[in-house]
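**Student:** Got a predicted structure here, sequence first:
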Amino acid sequence: MAQIVDSFGSPVTIKNAQVASWVAEMVALTKPDHVVLCDGSEAEKQRLTEIAVAAGVLIPLDQQKLPGCYLHRSNPNDVARVENLTFICTPTKAEAGSTNNWMAPDEAYAKLAKLFDGAHTGRTMYVVPYVMGPIGSSLSKVGVEVTDSVYVVLNMRIMTRMGRQALDMLGESNDFNRGLHSVLDCNPDRRFICHFPQDNTIWSVGSGYGGNVLLGKKCLALRVGSYLGKKEGWLAEHMLILGVESPEGEMTYVAAAFPSACGKTNFAMMIPPKRFKGWKIWTVGDDIAWMRVGDDGRLYAINPEAGYFGVAPGTSYKSNPNAMKTVLKDTIFTNVALTADGDVWWEGKDGEVPDELTDWQGRPWKKGSTEKAAHPNARFTAPASNNPVKSKFADDPEGVPISAIIFGGRRATTIPLVMQAFNWTNGVFMGATLGSETTAAATGKVGVVRRDPMAMLPFCGYDMGEYFAHWLEMQSEIAYPPKVFLVNWFRQKDGKFLWPGFGENMRVLKWVVDRARLRVGGQETPFGWVPKAGDLDLSGLDISSEQVDAATSIDLDEWRLELESQGEFFEATGPTMPRALKLQRELLLARIESMHGKWSVG
Ligand code: GTP
Ligand code: SPV
Ligand code: MN
């Protein structure tokens, strides 16, 4: 077997016997030329960056303007998560449930072992130990990813607590996620992302992109994490976590689940509009929340990640100034456009559209071109420590107490700006029936409304009905459950968004916080509580009251269709679909019927 070395070629040993023997097994399978154990040091980062630049994997940007920043162009066939090639490999198909692709574990291991056999030959295998969650937190989990991609290593270094600290935290324990990755030949016909929740194992082959390959993120923190959460009594969710600070210094923590490319990063670091002088938003996390019940009966959340893998298009000093500041240094940009002077560009960035660019595929691009210069799912990978509004509790091992949970989808119709659930069960129903239009974050058609319960459709590692049951069961553990809300920033009229969104979402968040703290009114509707006229602070907002009415209105006919679609999803979920949620839906249907079409709001 190849001697294990550090990134400078000095021999090193892996002290943990379990890790050492598993790495040896993976080496025997993939047959790399070199095996490098990553320690997470600054010197290692420099060394690996040089290697990546020499190999053309990273293109240096203007180091004066963007110190430590690089551009990566992925294979054009490999630009997003691949849901159709993502599998949950549980002993039975029923455990994976109706919403997941399933393969029997034996079959999946055998099929992928053929692809991995010799996959690292001629290459270096990097061994990347990492921690998801703050070091020392009882909620944190250790993983080890072996990969042939230096891009993966440099991204994992930003997104996780990587290197020596992970092996130190693991000690002699065998409790670590085993992640095997190879880009192989980046052929979609040989691309599989397989999860073995019972083995705490992930095998990913044939892709080099984001959520397919940064195995700590969607694969461990959500798919395997949700399975562990069910087993161990906690929640792994596709949620941002933010703190809202009032001018008086009162802090309220909110977690929010929006599907991919539906506004989590933006919401997590938003700057309140002028009207909200003295209010501040602090980011704890922008994509994933792990939540457990604390001794005081409240729900506590940690962000398992250490960086942001954020959507670039649409990000500007106008829409998200804090994100723009976050990506000024030590950031890897993937599939954005390049300017002649070594800067990055994407659709929706501030200022004039440059006359000429190099597009995300490395081709010359001219202003006015019908093709996009940046890929719609172009991303930045930036350390959370760059964020000017990173919460000082973001690394707290205890996490932050959550007062409100928000679910939100991208919906052109039907769903009003904001509603509050009547209680926990009704809140779980709101989450379970969440719908959203598909986005460029996954391959496939964009803009199709689908059910995306809790924004977890692509990320739940087990049967969806069982997952809903777990959410319902959590109530018995949480003495002080967070209040639950549904929002929609994306309602449209004549092809235009009705609500200005971004920082203006503070107006909705303020109502959420005040409702969670039981100090503002609301109006009861059959669907939930909505703000009464005057409850939403709209002063200084530059849109007509008709537009606000259209954004907040509720139409019974639209809701009938909505409930039909929800019913189809509940049916498809099968026998594990909790009765409490089916009854919630029936009760709502019955309430609508009893109104004989006479009721409307807005
Ligand atoms: P993932 O990283 O894929 O999980 O995405 P995300 O949920 O963090 O979404 P993000 O905040 O990156 O936003 C995705 C896209 O939605 C970007 O192009 C944003 O500009 C746009 N967006 C975000 N918030 C709003 C909003 O309030 N209104 C409108 N109209 N667009 C928004
Ligand atoms: C998402 O798609 O929800 C993301 C990006 O956050 S990825 O890491 O590619 O899954
Ligand atoms: Mn996401």
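**Tutor:** In hand now; what should we look at? Ligands and ions are numbered 1, 2, ... in the order given.
**Student:** Would you mind measuring from residue 329 to ligand 1?
**Tutor:** 20 Å (Cβ to the nearest ligand atom, to the nearest Å). For glycine as for every other residue, the C-beta is placed from the backbone atoms N, C-alpha and C.
**Student:** Surely that residue and residue 380 touch.
**Tutor:** No. Checked against Cβ atoms under 8 Å, the pair residue 329 and residue 380 is beyond contact range at 11.5 Å.
**Student:** Of those two, which one has the most company?
**Tutor:** Applying other Cβ atoms under 10 Å to residue 329 and residue 380 shows that residue 380 carries more neighbours, namely 25 against 15.
**Student:** Over to the more buried one. Which of the three states is it?
**Tutor:** strand (DSSP: H, G, I helix; E, B strand; the rest coil).
**Student:** Make 460 the starting number, not 1.
**Tutor:** OK, 460 is where the count begins now, so the last one is residue 839.
**Student:** My read is that it contacts residue 771, right?
**Tutor:** Yes. Using Cβ under 8 Å, residue 839 makes contact with residue 771 at a distance of 5.5 Å.
**Student:** By residue count, tell me the biggest helix in the protein.
**Tutor:** Criterion DSSP state H: the longest helix present in the chain is helix 1015-1032.
**Student:** what mean pLDDT does that one have?
**Tutor:** Per-residue pLDDT over helix 1015-1032 has a mean of 95.
**Student:** got it, and stretch 649-659?
**Tutor:** Rounded mean pLDDT across stretch 649-659 is 98.
**Student:** do stretch 687-698 as well
**Tutor:** Stretch 687-698 comes out at a mean pLDDT of 98.
**Student:** quick check, it touching ligand 3?
**Tutor:** No. Shown here: stretch 687-698 not in contact with ligand 3 (Cβ under 5 Å from the ion), separated by at least 5.8 Å.
**Student:** starting at the chain centroid, how far to that stretch?
**Tutor:** 15 Å (Cα atoms, centre = their mean, to the nearest Å).
**Student:** Just the C-alphas of that stretch, formatted as CSV.
**Tutor:** Only the C-alpha atoms of stretch 687-698 are listed here, as CSV (Å, rounded to 0.1, in the frame of the first residue of the first chain):
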residue,chain,number,x,y,z
LEU,A,687,-29.7,9.5,13.0
GLY,A,688,-32.0,12.2,14.2
LYS,A,689,-35.0,9.8,14.1
LYS,A,690,-33.0,7.1,15.9
GLU,A,691,-31.5,9.4,18.5
GLY,A,692,-34.4,11.9,19.0
TRP,A,693,-33.3,15.1,17.3
LEU,A,694,-33.9,16.9,14.0
ALA,A,695,-31.6,17.4,11.0
GLU,A,696,-33.2,20.0,8.8
HIS,A,697,-32.6,22.1,5.6
MET,A,698,-32.9,25.3,7.6
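**Student:** what sits up against it?
**Tutor:** 598, 600, 656, 659, 680-681, 684-685, 714-716, 718-719, 723, 744, 746-752, 758, 760, 864, 913-915, 918, 921, 925-926, 929-930, 933, 936 (Cβ atoms under 8 Å, 6 or more residues apart in numbering).
**Student:** Need the buried ones from those residues selected in ChimeraX.
**Tutor:** The following ChimeraX line selects those of the contacts of stretch 687-698 that are buried, judged by 16 or more other Cβ atoms under 10 Å:
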select :598,600,656,659,680,681,684,685,714,715,716,718,719,723,744,746,747,748,749,750,751,752,758,760,864,913,914,915,918,921,925,926,929,930,933
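**Student:** How about the residues of the stretch 610-759 of the chain by ligand 1?
**Tutor:** Applying Cβ under 6 Å from any ligand atom, we find that the stretch 610-759 of the chain lies next to ligand 1 at 717, 719, 720, 721, 722, 723, 724, 725, 745, 746.
**Student:** Revised request: answer the last question for the stretch 760-909 of the chain.
**Tutor:** 769, 770, 772, 773, 778, 900.
**Student:** Ligand 2 next: which of those residues are close?
**Tutor:** Restricting those to those near ligand 2 - Cβ under 6 Å from any ligand atom - leaves residue 900.
**Student:** Next, give me the two most distant ones among the residues of the stretch 760-909 of the chain next to ligand 1.
**Tutor:** 778 and 900 (17.4 Å; Cβ to Cβ).
**Student:** show me the residues around residue 728 that make contact.
**Tutor:** Residue 728 neighbours (Cβ under 8 Å, 6+ apart): 701, 740, 742, 745, 779, 781, 782, 785, 846, 848.
**Student:** Of the residues you listed, which belong to helices?
**Tutor:** Counting by DSSP H, the contacts of residue 728 contribute 781, 782, 785 to helices.
**Student:** And those residues, which is closest to ligand 2?
**Tutor:** Set against ligand 2, the nearest of the ones in helices among the contacts of residue 728 by Cβ to the nearest ligand atom is residue 782 (13.8 Å).
**Student:** any idea how far the residue nearest to that closest one when sequence neighbours are not counted lies from residue 838?
**Tutor:** Sequence neighbours aside, residue 774 is the residue nearest to residue 782 in space, at 5.1 Å (criterion: Cβ to Cβ, 6 or more residues apart in numbering). Using Cβ to Cβ, to the nearest Å, we find residue 774 at a distance of 10 Å from residue 838.
**Student:** Ok, residue 560 next?
**Tutor:** For residue 560, the distance to residue 838 - Cβ to Cβ - is 24 Å.
**Student:** okay, the two: which has more neighbours?
**Tutor:** For residue 560 versus residue 838, neighbours defined as other Cβ under 10 Å are more numerous around residue 838 (28 against 16).
**Student:** dump the residue contacts of that one.
**Tutor:** 669, 768, 769, 770, 771, 792, 793, 794.
**Student:** Scan the residues you listed and report the most crowded one.
**Tutor:** If you rank the contacts of residue 838 by neighbour count (other Cβ under 10 Å), residue 792 sits at the top with 28 neighbours.
**Student:** ok, residue 952 touching residue 1009?
**Tutor:** Yes. At 5.7 Å, residue 952 and residue 1009 qualify as touching, with contact defined as Cβ under 8 Å.
**Student:** Shouldn't residue 604 be within a helix?
**Tutor:** No. Applying three-state DSSP, one finds residue 604 to be strand, outside a helix.
**Student:** For residue 679, see how far away it is.
**Tutor:** Taken as Cβ to Cβ, the span from residue 604 to residue 679 is 9 Å.
**Student:** Same question for residue 750.
**Tutor:** Relative to residue 679, and taking Cβ to Cβ, residue 750 is found at 16 Å.
**Student:** Could you do residue 460 as well?
**Tutor:** 26 Å.
**Student:** ok so, going back, just the contacts of stretch 687-698 that are near ligand 3?
**Tutor:** 719, 746.
**Student:** Out of the contacts of stretch 687-698, name the ones that lie in helices.
**Tutor:** Short answer: the contacts of stretch 687-698 in helices (DSSP H) are 684, 685, 723, 925, 926, 929, 930, 933.
**Student:** Thought residue 752 was touching the last one, still the case?
**Tutor:** Translated: residue 933. Yes. Between residue 933 and residue 752 a contact is recorded at 7.5 Å, counting by Cβ under 8 Å.
**Student:** ok, the closest residue in space to residue 541 that isn't next to it in sequence - contacts?
**Tutor:** Take residue 541 and drop its neighbours on the chain: the residue closest to it by Cβ to Cβ, 6+ apart is residue 902, 5.4 Å away. Under the criterion of Cβ under 8 Å, 6+ apart, the neighbours of residue 902 are 538, 539, 540, 541, 542, 543.
**Student:** just curious, which of those residues is nearest to residue 621?
**Tutor:** Nearest to residue 621 among these, with distances taken as Cβ to Cβ, is residue 540, at 21.5 Å.
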